[in-house]
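> any chance you could fold what I've pasted below:
(2 chains)
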Amino acid sequence: DAGVIQSPRHEVTEMGQEVTLRCKPISGHNSLFWYRQTMMRGLELLIYFNNNVPIDDSGMPEDRFSAKMPNASFSTLKIQPSEPRDSAVYFCASSNLAGKVDEQYFGPGTRLTVT
Amino acid sequence: AQSVTQLGSHVSVSEGALVLLRCNYSSSVPPYLFWYVQYPNQGLQLLLKYTTGATLVKGINGFEAEFKKSETSFHLTKPSAHMSDAAEYFCAVSGTGTYKYIFGTGTRLKVLA
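Purely as a prediction, here's the structure:
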């Protein structure tokens, strides 16, 4: 398996622009997580999907952030409008919970810089 | 509620020396515990995990960790450090009935030649 795939790997954009991050989870996994990593706050869970349905979005910072999972093999995280404080590394992870906790497989991340 | 504390944001060891990275947790349910490693510009990779059963868990690259319920600890060890072990290490806790991982703040390991 190719593992979790994220694109782009690096994104540089100007404040106010829309940013879309993409994730392809491991085939057969039923759970998908979006995380944000910063020096100040460490790893934060933004949103969790199970069977393509958002279960917990309490970590989404504000209305500028939105996430979708239209099918089992694709998810997006959108920031509109972007702000400099959104600069971070965004990770997507997938897992096959199947009713129990299991390890999460992380993608390589997208490094976002908002100028 | 669950939480994780990693003591020491930076740890330096000499090549060949013992590696000890500390992790203490709190959990209101039986915990599942994980150690992940992150190499520069990469995602997190699972080193080892404890769910149930044997409390001494062996992982990849010669690492192991012991679940000590009485001490609420899950420290990561490796008998002999290698230069390639230089990375950031994260402890995480989850538990029965919850999908959430709570990650520690990470410990950056530096290996000195």
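
> what stretches of the chain score poorly on pLDDT?
All of this is about chain A. By pLDDT under 70, the weakly predicted segments of chain A are A:1, A:98-101.

> look at chain B instead
Applying pLDDT under 70 to chain B flags residues B:97.

> residue contacts, whichever residue of chain B sits closest to chain A?
For chain B, the nearest residue to chain A under the criterion CB to the nearest CB is residue B:43, separated by 3.6 Å. Every C-beta, even on glycine, is put in place using the N, C-alpha and C of the backbone. With CB atoms under 8 Å, 6 or more residues apart in numbering or on different chains as the criterion, the residues that contact residue B:43 are A:4, A:91, A:93, A:106-109.

> list the contacts of residue B:27.
The neighbourhood of residue B:27, defined by CB under 8 Å, 6+ apart, consists of B:2, B:93, B:95.

> show me which of those residues neighbour chain A.
residue B:95 (CB under 8 Å from any CB of the partner chain).

> that older thread, out of the contacts of residue B:43, who's nearest residue A:27?
Distance ranking of these against residue A:27, using CB to CB, places residue A:4 first at 10.5 Å.

> phi, psi for the nearest residue to that closest one once chain neighbours are set aside please.
Nearest non-adjacent residue to residue A:4, counting by CB to CB, 6 or more residues apart in numbering or on different chains: residue A:107, 3.6 Å away. Comment: the main-chain dihedrals of residue A:107 come out as phi -80, psi 180, following degrees, to the nearest 10.

> ok, the nearest residue to residue A:43 once chain neighbours are set aside - how many residues close by?
By the measure of CB to CB, 6+ apart, the closest residue to residue A:43 outside its immediate chain neighbours is residue B:103, 4.4 Å from it. Using other CB atoms under 10 Å in any protein chain shown, the number of residues around residue B:103 comes to 21.

> list the contacts of residue B:103.
The contact partners of residue B:103, taken as CB under 8 Å, 6+ apart, are A:42-43, B:4, B:36, B:90-92.

> buried subset of those residues?
In terms of neighbour count (16 or more other CB atoms under 10 Å in any protein chain shown), the buried residues within the contacts of residue B:103 are A:43, B:4, B:36, B:90-92.

> quick one: residue A:50 and chain B, what's the gap?
Distance, residue A:50 to chain B, using CB to the nearest CB, to the nearest Å: 7 Å.
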